[in-house]
Each structure stands twice: as C-alpha cells, then as structure tokens.
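Undergrad: give me coordinates for this.
(one chain, ligands or ions: 2)
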Amino acid sequence: LEEFVDNILKKYPAKVAKKRKDHILVRKEEDPARESIQANNRTVPGIITQRGCCYAGCKGVVLGPVGDMVHITHGPIGCGFYAWLTRRNLFKPGEDGKNYSTYCFSTDMQEQDIIFGGEKKLKQAIKEAWETFKPNAISVHATCPVGLIGDDVQAVAREAEAELGVKVLAFNCEGYKGVSQSAGHHIANNKLFNETVGTKDEAIPGYSVNILGEYNIGGDAWEIERILEKCGIKIAATFSGDGKYDSMTSSHMASLNLIMCYRSINYLAEMMETKYGIPWAKVNFIGVKAMSKSLRKIARFFEDPELTRRIEEVIKEEEESVEQKLAPYRERLQGKTAMLFVGGSRAHHYQDLLRDLGMEPVAAGYEFAHRDDYEGSHIAGKIKVDADSRNIEELKVEPDPEKYSPRVSPEKKKELEQESVLGHYHGMIPDMPPGTLVVDDISHLELEELIKTLKPDIILSGIKDKYVIEKFNVPSKQIHNYDYSGPFAGYKGAVNFARDIDMMINNPAWKLAVPPFEKKPLLSADLGTD
Ligand code: CFM
Ligand code: HCA
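TA: Ligands and ions are numbered 1, 2, ... in the order given. Alright, predicted model coming up:
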C-alpha cells in the first residue's frame, strides 16, 4: 500500500503531491492514537472531488428535512433546483397535515436583481410563501451571488417575521463560505441553537431523547423510531429527519441527545449541553451489533432496571429474527472486500454493517469530515483553526440562568464519560485495522488507481463516482440515497442492505462486460507539472 501511495503521488505535480500526502494514511500502528490525518482543507483546484458547497450543507442537509417549514433559496434558480428532494429525506406530516417537502422555493434572481439588489424580491417571496401555505416556520438560504452583492437577508427576515408573525430563520450560507458543505452544517447549527431550540418550554415525560444528525434518508428514521418506541424510549425531537419545527423548539427539555452524524451536528449538541445541561451520547444505528450497542448505551444512561430489561428483550427478539434472514446473505458475502468513500459519517457507520455481513472494509474516507471524525472527538480542541474555518462564527455559550439543569450528577457524568457512554466519539481510524487505507477527500485519480490496486468487490459511494467505478466492472452502491432503496438503519434495514449488496456483488454481469477503455484508450493526456 505504501508503494501504491508513492506511485499515486508521483502522478501529481510536486506541490499537489505535498498537499495530498497528508490526506492519505496507510494504517500501520497497532495503537491508532499514534496515527493522524489531515482533513477539512481546501480541495486543490483541478482535482475532481466529491464535495458539495456550504449552501448544500445548510439548506440541503440540516434544514431541508424539516417538512412543515417552507425553505426559500435566495438566489438564481439553479441552486434551488439542485436541493429539490435530491437527498431522499422522507417526511410524514404531523397532525396539522403540513408538508412542503415536495416543493422547491426560490427567489429566482435575475440579472437585474443582481445589479439592483434582491432584498425586495426576497421580502415578497417570504410574504407569498406565508400567505399561500401558512407553514410552521420559514427559512431563507443565501446562495453565492447574494453574499457577493451584499443583500441583508437577516434584516429582511427580521422585518418579515415582525410583520407576518411567523418565525423566519435566515442563513448566510453562501456556497463559497467554507471548503465544503461542512461549513453549512455549522451555520445551520448556530441559528437553530440561537433561535429555535429553547423557545418553548414544554415538559417531556418519560425516557425522552432527541435524535441529532439522522436525516431519514430512505426511511431510516422510521425504523429507528420503531425500535426505540418498542423499548419504551420517547423521541422528543429529531434534527432533522422527518423533523417538525415545533418539536425542535422544546427539544431542550429532553433528557438525552443521541448523535448519529457527529460531523453535521456536534456543534448543537455541545451548545445544548453547555446551556441546558443536556448531555450527548454518540450512537450508530447502522448495523445489527451497532444498533444493539447503541441501545445499551441508552439503557446505561437511564439506569432503570425495568427499561434495561425491556431493551434487552427487544435486542434479543430483533437480533434473533434478523439473524435468520441474514444467514443466507452472509454465506454469499463472507470475505468480500469493500471500500467506502462517503460524506462525513457514513464511511464509518457502514463499516459496522459490512462486518456484520462478514465483509472486510479495506479502504475508507470522508469527503469533508474533520480530523475528529477520523481520530476521535477528544482531539477536537487541538485542531489548528485555519482561515477558512475562522470564517464561521463560533458562538460563546453559557449556562442559562433559568433553564440549565444537569441531567445526571457530576460523579455519574464522569463515570459515563470514562466508559465512553457520554460525550465521546472515537472516530473512524480506531476501527480500521493495520493494513487498511484511509483517504480524505479522495480524488477521481486516486480512486481509479485504488480500484486497480485493491480490486474491491464493491464500493460504497455517491453519484459523482458511481458510474466511474462501474466502468471498471466494480459495483458501486450509493450510500447517500441508497440507490432509491432503504431503509438501511436498524435491524430490518440491515436485511434490506444485505439483499441489495448481495444482488450487486453476486451479479454475473460484472464479469461479462468489457469496459471500452480496456480495448483502446478513449482519451490520453499528461498531467501538468510545476
Ligand atoms: Fe452526516 Fe448525512 Fe453524512 Fe452529511 Fe451529506 Fe447525507 Fe452523507 Mo450525502 S449529514 S455527513 S452532508 S450522514 S447528504 S445524510 S449522505 S454526504 S455521509
Ligand atoms: C450533498 C448531498 C449529497 C450528494 C450525494 C452524492 C446527498 O452533498 O449536497 O454525491 O451522491 O447525500 O444527497 O451528499
């Protein structure tokens, strides 16, 4: 593998090679704490990356799934269209029946708005959205040109809110704000924390949890809900899969925050803990063993014998039922190798599910995660903050004089932190044994070389590289939108995933097709040098 990395770096101009070197790690050390990787840096211009923009992270990822809100994209229509349900975040309306998730709202800025300013048009759009739909809240998302011309979206939102009497959340999430969609997550977290969470006090009875960083792609949230409800655990609010605005406003009253995707929502969890005393636990609901382990974390936190008994009962029942269904797939998938290059958390989460099926992850990486997603949350404070990250506001948070209430005693909290039940995410690297490869923000060149060298049986990835991979006769499963399948979370989801993966890997077609570039080169060129 080291030879492979050297060879790949030789293909780049010297300056590019120097930058990429720190983003590629061959796992060697027995002790993962001795290994480190660079992440969350600018992609070198000219390299084909899988990353998206800040607006995608804010509107598309964090806010978009809240279906009883109208989300207005302030900008030219192209950006609005891209976010139109392309992410498969499913939504069922609450009792009020409000559901705008299939709509696409945009101010459709034209040249004259860019020249003379788009504030009036935005104000009009908010008014029209309110009068037509009466949503539970409205959000406004600024795209690149809005930031460049300087429309004051915050002022327009404040004015509209006062005039119409509906909450209007405005996000300065211009696409260029960060090095990837990750900046948009942070911007979304900040405003949700400041203007939504904690705005309504309503006691939540029972063992209540919020689920953070789960976006109900392909119905995942509903399988998770089924299992938690069966255990007797109440989901107070979800951020933001199948999310309802109202439940987010009182989410500070829940007992525990469960974090699925640490990358997109750790900011909100940390701030809620400081201000309201609600602790967080990192969970992974992808994979049979991971699901059970996560349930046991919840049991450990609440420490109620009756709840623990119920949880153990559910685990036993669900595992037994799923085991029978998985067995035939495991036979066919045992020992198959996989590579995972996805977003900021799934490249790690799906390794658990692959291992449940007897498969072996040989290489993995995130598109835009930070070093703590690789190395663990304990290093978060030690990461050097560069100019790009400094762009995003870091809120100063203090305990709320009235609403702060610690959920557990300081002694118990410490104990649970030491057991890694609370306040800790161990990251991807410790789960990747020596001899595997970790690549951050992988380029298409690197991916192609990796396919040729490691010859994996399947690659879990996204639309931007799916067909590049399949032209090498290697099946590629989209792990963002599940190739229109799912759910893949929880117990039932594991069976759906196994079925899909088996169908792809064991399909004889891969051995029969001959890619055109095997016969003759379609295009040839030299990479520039400096
Ligand atoms: Fe979190 Fe996500 Fe992901 Fe993400 Fe995304 Fe996504 Fe993803 Mo696509 S929030 S980091 S910005 S788990 S949209 S639901 S699938 S890249 S791995
Ligand atoms: C995004 C959304 C995306 C893209 C998926 C892909 C998603 O990054 O803006 O590249 O296949 O999950 O829909 O991550």
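Undergrad: which one's the longest helix in the protein?
TA: For the chain, the longest helix by residue count, based on DSSP state H, is helix 305-333.
Undergrad: now for that helix, which elements pack on it?
TA: Under the contact definition 3 or more Cβ pairs under 8 Å, 6 or more residues apart in numbering; DSSP states H and E, helix 305-333 sits against helix 220-231, helix 288-302, helix 490-505. C-beta here means a position set from N, CA and C on the backbone, and glycine is covered the same way.
Undergrad: of those, which is nearest ligand 2?
TA: helix 220-231 (12.4 Å; Cβ to the nearest ligand atom).
Undergrad: now the angle from that closest one to helix 288-302?
TA: Calculated by axes from the mean of the first three to the mean of the last three Cα atoms, to 10 degrees, helix 220-231 forms an angle of 50 degrees with helix 288-302.
Undergrad: helix 220-231: how far from the chain's middle?
TA: Its chain's average C-alpha position is 19 Å from that of helix 220-231, according to Cα atoms, centre = their mean, to the nearest Å.
Undergrad: what is the subsequent helix or strand relative to the longest helix of the chain?
TA: strand 337-341 (DSSP states H and E).
Undergrad: give me the contact list for stretch 337-344.
TA: 50, 182, 261, 263-264, 346-347, 350-351, 354, 359-369, 373, 439, 442, 447, 450, 454-462, 465, 479-480 (Cβ atoms under 8 Å, 6 or more residues apart in numbering).
Undergrad: what mean pLDDT does that stretch get?
TA: Averaged across stretch 337-344, pLDDT comes to 98.
Undergrad: distance check, the nearest residue to F4 once chain neighbours are set aside against ligand 2.
TA: If the residues on either side of it in the chain are set aside, F4 comes closest to T453, at 5.0 Å by Cβ to Cβ, 6 or more residues apart in numbering. Distance of T453 to ligand 2, given as Cβ to the nearest ligand atom, to the nearest Å: 24 Å.
Undergrad: would you say I392 is within a helix?
TA: No: going by DSSP: H, G, I helix; E, B strand; the rest coil, the assignment for I392 is coil, not a helix.
Undergrad: which residues touch it?
TA: 177-178, 183, 186-187.
Undergrad: leaving out the residues flanking it, which one is nearest to C79?
TA: Closest residue to C79 apart from its sequence neighbours, by Cβ to Cβ, 6+ apart: T143 at 4.3 Å.
Undergrad: how close does the one you found get to C58?
TA: Remark: distance between T143 and C58 (Cβ to Cβ, to the nearest Å) = 10 Å.
Undergrad: for K123, same thing?
TA: Distance, K123 to C58, using Cβ to Cβ: 21 Å.
Undergrad: which one of the two is surrounded by more residues?
TA: Using other Cβ atoms under 10 Å as the criterion, K123 and C58 rank with C58 on top: 32 against 17.
Undergrad: the more buried one is in contact with H185, isn't it?
TA: Yes: contact criterion Cβ atoms under 8 Å: C58 and H185 qualify, at 7.2 Å.
Undergrad: can you give me phi and psi for F239?
TA: With angles defined as degrees, to the nearest 10, F239 sits at phi -120, psi 100.
Undergrad: what about the nearest residue to it once chain neighbours are set aside, how many residues nearby?
TA: Nearest non-adjacent residue to F239, counting by Cβ to Cβ, 6+ apart: L212, 4.7 Å away. Residues lying near L212 (other Cβ under 10 Å) number 26.
Undergrad: which SS state does L212 fall under?
TA: strand.
Undergrad: who are the contact partners of it?
TA: 238-239, 257-261, 265, 268-269, 280.
Undergrad: and the two most separated of these?
TA: Pairwise distances among these were taken by Cβ to Cβ; the largest, 14.4 Å, belongs to T238 and W280.
Undergrad: the contacts of stretch 337-344 also near ligand 1: which ones?
TA: Among the contacts of stretch 337-344, the residues within reach of ligand 1 (Cβ under 6 Å from any ligand atom) are 261, 263-264, 346, 480.
Undergrad: neighbour-wise, which of those residues leads?
TA: The member of those that has the most neighbours, counting by other Cβ under 10 Å, is S264 with 30 neighbours.
Undergrad: phi first, then psi, for the closest residue to that residue other than its chain neighbours.
TA: In space, and not counting its chain neighbours, S264 is closest to H185: 4.2 Å by Cβ to Cβ, 6+ apart. Torsion angles at H185 (phi, psi; degrees, to the nearest 10) stand at phi -60, psi -50.
Undergrad: done for today, thanks.
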